[in-house]
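Trainee: Pasted the sequence and its predicted model underneath.
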Amino acid sequence: SHRRPMTMMTTPASSSSSAARSPPQPITTQRSKRKKNGDLSLFARFQIVLLVATITIWYMISTAELAISATTQQHRASFFNQADCSTNSNGRGLSQSYTTNNNPSRKQLLQQIHSTKELTQPYHLLTIAIDSRHSCPGLCLFVHPLLPSWVRYRQLHFDSEVDLAETLKEEHGHVIVVARTNIVNIGNWAVERRANHTNSTSSGVVPTTGLFHNADERIHSGEIVNVYDKFDYVLRQYYRKDDDGKFHGYTLHALGNHTCGKTQQPLPLSETEAGPKWGIHYVPLNAHTVDVQLLHHATATYPTSLRPTNCSFIGRADVKRSKHERATMKTAVEEQGAEMNCTISFTGAFATGNSKFQYFNYDISNAKIGLSPRGSAIETHRLAELLRMGAVPAIVAEDYLFATFKSVPGIIAEDWPGVVKLMKNYLAEEKKVLAENQNDDGTRISKLEMLSREGPKFYRDLEACMMADMDFILKGAFGLLGG
């Protein structure tokens, strides 16, 4: 008799059964059911969106990994493949001997160095014997990065020639001796070693010996003339050219020139030419400490236009055999006044002062130009450090700057007043280029910036060419080239 709520569930009119009817359901219950159904629908949609997003992110990551892998392979290959050996100032290309069967092409060498086949390829054993009496072993590390992948080497030290002979009396393979002095005695040992093994073995194996004449700032003729001939080849630091174009009567080429150079020395030498069979090769000084700061791609250096200091130098005030050049350099810079914006800091001893991290990342990297005077010898480690960090070297002209496969990129003049004058011209030109770019949104590159970019590339290419030469020389010393 009372009015039924509109929300009550009813039975059909035809049913007059006395069975219990479903109890009435309040409005909130049905709304909750509809809301629950709606929530399930939203959750399903959310799962679909999440799945699509996951697939998209996975695809992007996979694409990026492929790109990174391709870039990595390209960078690995660039060390050899991009070495600029195609032309030089004389318009010449790769040496004829480098394209013969005895000296593989860069492509073949690249495959040999970077292929996974190198893990299973045949190898040859090498002993590096370091004279621990002078400068070594701490500073005798420059030969190791030049070794090819087919060489497996060990390292040992000796305190005398007697010690060397005793340690290696049963060694029939190839030995590189790293030494600064006592070259005459070491050369005599090399001759005796060859003769003794030739007379006592029936295998026909003739042991060979190379010399890495390390840190020979004095260039003492008594340890060079008629001594270098006793080795199968000689690598030496510090370059000099006499008035006749020779080096104490020998032909001295920069390592790397046989592959990429301006002039090519036929190797092996003929019997009528003075010197060891596989030549005498000048090895430019590397950075004093090949620190992690130097291990970057050639294009990664900071632009000169954003470096806060125009030029810098940190090192000893004066050193023996420097002819007071550092004082002359400082005076030439100071005469130009504060506008030069140069920082010159003298220290009390070799390789002292700021930490390596600060030296590379602040002293060098913050300077557009790095002043590079001579030290105990005409050549110093500083040049390589400046080139590799993109600071343009400012330096007085010396023969070694033009001995490598390409001339060293830098600001070079006959004396320090001339060097500083050129520095001012480069700095003024950069300032002009920056102003022009600001006025018209241009992208011109200053000459100073180009020199900065050329430095790391030059050093990368130099290393590639030196490694290729070393590969060829060692194959000759190991008897792998025939003849």
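Mentor: Yep, it's here. Everything numeric in this text was worked out from a predicted model, so none of it was measured. Numbering: from 1, shown residues only.

Trainee: so how far is the helix or strand where residue 433 lies from its chain's centroid?
Mentor: Assigned by DSSP states H and E, residue 433 belongs to helix 416-440. Offset of helix 416-440 from its chain centre (CA atoms, centre = their mean, to the nearest Å): 29 Å.

Trainee: same for that helix, what does it pack against?
Mentor: strand 309-316, helix 325-334, strand 367-371, strand 392-396, strand 411-413, helix 447-477 (3 or more CB pairs under 8 Å, 6 or more residues apart in numbering; DSSP states H and E). Quick note: C-beta positions are derived from backbone N, CA and C, even for glycine.

Trainee: Could you pull up the mean pLDDT of that helix?
Mentor: Averaging pLDDT along helix 416-440 gives 95.

Trainee: now swap in stretch 317-329 and tell me
Mentor: Across stretch 317-329, pLDDT averages out at 81.

Trainee: Would you mind listing the buried residues in that stretch?
Mentor: Neighbour counts over stretch 317-329 (16 or more other CB atoms under 10 Å) mark 319, 322, 325-326, 328-329 as buried.

Trainee: For it, which outside residues touch it?
Mentor: Outside stretch 317-329, the residues that touch it by CB atoms under 8 Å, 6 or more residues apart in numbering are 217, 313, 315-316, 344, 346-347, 350, 371, 373-377, 396, 415-416, 419.

Trainee: Narrow the residues you listed to those that are buried.
Mentor: Counted by 16+ other CB under 10 Å, those give 313, 315-316, 344, 371, 373-375, 377, 396, 416, 419 as buried.

Trainee: picking that back up, output the helices and strands packed on helix 416-440 as JSON lines; include the columns distance to residue 277.
Mentor: Formatted as JSON lines, the helices and strands packed on helix 416-440 follow (distance: least, CB to CB, whole Å):
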{"stretch": "strand 309-316", "distance to residue 277": "40"}
{"stretch": "helix 325-334", "distance to residue 277": "38"}
{"stretch": "strand 367-371", "distance to residue 277": "39"}
{"stretch": "strand 392-396", "distance to residue 277": "35"}
{"stretch": "strand 411-413", "distance to residue 277": "35"}
{"stretch": "helix 447-477", "distance to residue 277": "7"}
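
Trainee: right, and these - which one's nearest residue 260?
Mentor: helix 447-477 (4.0 Å; CB to CB).

Trainee: and the closest one, what does it pack onto?
Mentor: So helix 447-477, by 3+ CB pairs under 8 Å, 6+ apart, packs with helix 27-81, helix 106-114, strand 233-236, helix 257-260, strand 367-371, helix 382-389, strand 392-396, helix 416-440.

Trainee: circling back to that earlier point, and which of the buried ones among the contacts of stretch 317-329 is nearest residue 209?
Mentor: Checking the buried ones among the contacts of stretch 317-329 one by one against residue 209 (CB to CB), the nearest turns out to be residue 377, at 25.7 Å.

Trainee: Name the spans of the stretch 201-350 of the chain whose pLDDT lies under the cut-off.
Mentor: 201-205, 262-263, 288-298, 321, 323, 348-350 (pLDDT under 70).

Trainee: Please repeat the previous calculation with a cut-off of 80.
Mentor: Along the stretch 201-350 of the chain, segments meeting pLDDT under 80 span 201-206, 215, 217-218, 262-265, 287-300, 318-323, 348-350.

Trainee: what about the nearest residue to residue 314 once chain neighbours are set aside, neighbour count?
Mentor: Among residues not flanking residue 314 along the chain, residue 345 sits closest, at 4.6 Å (CB to CB, 6 or more residues apart in numbering). Using other CB atoms under 10 Å, residue 345 has 12 other residues around it.

Trainee: Thought residue 313 was touching residue 345, still the case?
Mentor: Yes - using CB atoms under 8 Å, residue 345 is in contact with residue 313, at 7.0 Å.

Trainee: For residue 388, see how far away the residue nearest the centre of the chain is.
Mentor: The residue lying closest to the centre of the chain (CA atoms, centre = their mean) is residue 460, at 5.2 Å. Per CB to CB, to the nearest Å, residue 460 is found 9 Å from residue 388.

Trainee: For residue 359, find the nearest of the helices and strands packed on helix 416-440.
Mentor: Comparing the helices and strands packed on helix 416-440 against residue 359 with CB to CB, the closest turns out to be strand 309-316 (6.9 Å).

Trainee: what does the closest one contact?
Mentor: In contact with strand 309-316 (CB under 8 Å, 6+ apart) are residues 326, 329, 333, 340-350, 353-354, 359, 363-364, 366-373, 375, 382, 391, 394, 423, 427.

Trainee: can we see that at 6 Å?
Mentor: 340-345, 347, 353, 363, 366-369, 371, 427 (CB atoms under 6 Å, 6 or more residues apart in numbering).

Trainee: same thing with stretch 226-240?
Mentor: Outside stretch 226-240, the residues touching it (CB under 6 Å, 6+ apart) are 183-184, 187, 190-191, 208-213, 215-216, 219, 276-283, 377, 379, 400, 403, 473, 477.

Trainee: Just the buried residues of these.
Mentor: 183, 187, 190, 208-213, 215-216, 219, 276-283, 377, 379, 400, 403, 473, 477.

Trainee: Quantify the burial of residue 160 by counting its neighbouring residues.
Mentor: Other residues close to residue 160 by other CB under 10 Å number 13.

Trainee: Residues touching the helix holding residue 433, excluding its own?
Mentor: So helix 416-440 is contacted by 305, 310, 328-329, 332-333, 369, 394, 411, 413, 442, 444, 446-448 (CB under 6 Å, 6+ apart).

Trainee: gap between residue 191 and residue 207?
Mentor: For residue 191, the distance to residue 207 - CB to CB - is 11 Å.

Trainee: And residue 387, by the same measure?
Mentor: With CB to CB as the criterion, residue 387 and residue 207 are 38 Å apart.

Trainee: So these two - more neighbours on which side?
Mentor: residue 387 (29 against 19).

Trainee: Was I right to think the more buried one contacts residue 459?
Mentor: Yes - applying CB atoms under 6 Å as the test, residue 387 and residue 459 come out as touching, 4.7 Å apart.

Trainee: give the contact list for residue 363.
Mentor: 312, 314.

Trainee: Does it belong to a helix, a strand or coil?
Mentor: Secondary structure state of residue 363, per DSSP: H, G, I helix; E, B strand; the rest coil, is helix.

Trainee: Any figure for the gap between it and residue 123?
Mentor: 42 Å.

Trainee: ditto for residue 256
Mentor: Taken as CB to CB, the span from residue 256 to residue 123 is 24 Å.

Trainee: And the two? Which one has more around it.
Mentor: Higher neighbour count among residue 256 and residue 123: residue 256, with 29 against 13, using other CB under 10 Å.

Trainee: The closest residue to that one other than its chain neighbours: neighbour count?
Mentor: Distances taken as CB to CB, 6+ apart put residue 465 closest to residue 256, at 3.3 Å, once the chain neighbours are dropped. For residue 465, the neighbour count with other CB under 10 Å is 27.

Trainee: Test my guess that residue 465 contacts residue 259.
Mentor: Yes - using CB under 6 Å, residue 465 is in contact with residue 259, at 5.0 Å.
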